[in-house]
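A.B. asks: sharing a model prediction with you, sequence too.
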Amino acid sequence: GSVTALSGASGTGKTTLALHFAAQAAPAGKALFVGFYESPEMLRRVAPIVGLRLPADPSALDFMWQPFGENMLDEIAAGILERVARDRPARVVIDGVGGLMAAPAFRDRGASFLAALTNELRALGTTTLITVEQSDANRALVLDSATMSALADTVLELHFKPGPSVRRFVTIRKSRGSRCD
């Protein structure tokens, strides 16, 4: 029943980490992966490349593909919530809040819409992972602090530092209800 926001610049591994989270699904603890950028076919091709085995039982992991730009905010939310209510997945991934932000209605309803959607997912008992793009090299989030606070119980930031070898980092930006260093 918690929501984690995974933030980072393009290429830091948000979708890969989200796919790892969803791949832990089983028939007794299903997952729903909602995507706006990579199709289910592409994700299935990428999984073995990153060393990931998707569940053998196709009923364990369901993909909801919503091509970027073809979105009506309320229809998307209704589709997600209907699938969650019907299939009772233990895990839900929304890969790319930017896909929701592209909807014309988002400008007027953004923060309250996202808070309402994540509150409904919490109430349905799912553990939800949402990926959030960072807008620039200064690691500024496309969503403001108040929105992120209402949206997520935990906020993790992925980033990397180039050098002789690339080093990847995960920073805990917020962790509601738990203690962490």
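C.D. replies: The structure has been received and is ready for your questions.
A.B. asks: now do the contacts for R88.
C.D. replies: Contacts for R88 were tallied using CB atoms under 8 Å, 6 or more residues apart in numbering; they are 30, 124-125. Glycine gets a C-beta too; all of them are placed from N, C-alpha and C.
A.B. asks: to clarify, my last question referred to S149.
C.D. replies: Neighbouring residues of S149 by CB under 8 Å, 6+ apart: K174.
A.B. asks: and F106, by the same measure?
C.D. replies: F106 sits in contact with 73, 100, 113, where contact means CB under 8 Å, 6+ apart.
A.B. asks: got the contact list for F160?
C.D. replies: F160 neighbours (CB under 8 Å, 6+ apart): 12, 166-169.
A.B. asks: try it again with 6 Å
C.D. replies: 12, 166, 168 (CB atoms under 6 Å, 6 or more residues apart in numbering).
A.B. asks: how about the first one, phi and psi?
C.D. replies: Yep, that's T12 we're talking about. Reported as degrees, to the nearest 10, the phi and psi values for T12 are phi -90, psi -10.
A.B. asks: any idea how far the residue nearest to it when sequence neighbours are not counted is from V46?
C.D. replies: Excluding its sequence neighbours, the residue lying closest to T12 (CB to CB, 6 or more residues apart in numbering) is L158, at 4.0 Å. As judged by CB to CB, to the nearest Å, L158 and V46 stand 17 Å apart.
A.B. asks: separation between A105 and L156?
C.D. replies: A105 sits 28 Å away from L156, taking CB to CB as the criterion.
A.B. asks: give me the more crowded residue out of the two.
C.D. replies: Remark: of A105 and L156, L156 carries more neighbours, 20 against 13, as counted by other CB atoms under 10 Å.
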